[in-house]
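> Give me a model of this one.
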Amino acid sequence: MTNARRLAASVFTAAVLTAGLIAGTAGAANAATTISKSTIDGKMPAAMGCKADQKTIYHKLIKNGAGTPLGYIDLMASNHCHSVWAHVHSTSKTRDIFAQIVRKNGSSYAAGATGTTDLNTQMLWDKGTTSHAIGMIATPNGTFKVQTANY
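Alright, predicted model coming up:
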């Protein structure tokens, strides 16, 4: 093999390995960021790569007074990031939606929106504590709220 071919093969191999590493870590939290309460609290799950290993801990329907489902609230968690957040989903974009994540000691983050069907709160560090999620959906006939159990 000529030196030019060896160099081209080395460059190609390095490019493939780099692309694989980037693809493999794209969903993980930034390797340069130390996972700690100060780097997680108040950050969005997608921005920190914490959605890569997300799991739904609790899922509760939000129903109106007649028992018709309007959407749901999820308490989401990432083991890698030691974090939890609330995710609310509405079946209609015309409703106001609200989600809140609450840590046992009272710290919380909340988010609200109109014109969308999905909403995530910022994250709370959950190592050594418990948290719950609250979801609300407002309609012309009232506001309906549910809370998950603690996790």
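
> The spatially most central residue of the chain: what's it in contact with?
The chain has residue 45 as the residue nearest its centroid, 4.2 Å off, counting by C-alpha atoms, centre = their mean. Counting by C-beta atoms under 8 Å, 6 or more residues apart in numbering, residue 45 touches 51, 54, 76, 78, 81, 83, 85, 120, 123. Just so you know, the C-beta spots here come from the backbone N, C-alpha and C atoms, and that holds for glycine as well.

> Between which two of the residues you listed is the distance greatest?
Greatest spatial distance among the contacts of residue 45 (C-beta to C-beta): 81 and 120, at 13.4 Å.

> Test my guess that residue 149 contacts residue 131.
No. The pair residue 149 / residue 131 is not scored as a contact, 10.4 Å apart, by C-beta atoms under 8 Å.

> Those two: which is more packed in?
More crowded of residue 149 and residue 131, by other C-beta atoms under 10 Å: residue 131, with 25 against 11.

> Take the contacts of residue 45 and write them to TSV, including pLDDT, distance to residue 92 and secondary structure.
Formatted as TSV, those follow (pLDDT from 0 to 100; distance: C-beta to C-beta, whole Å; DSSP: H, G, I helix; E, B strand; the rest coil):
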residue	pLDDT	distance to residue 92	secondary structure
51	95	24	helix
54	97	25	coil
76	98	22	strand
78	98	29	strand
81	97	31	coil
83	97	29	strand
85	97	23	strand
120	95	18	strand
123	97	27	coil
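
> Which of the residues you listed sits closest to residue 143?
Looking across the contacts of residue 45 and measuring by C-beta to C-beta, the closest to residue 143 is residue 120, at 20.0 Å.
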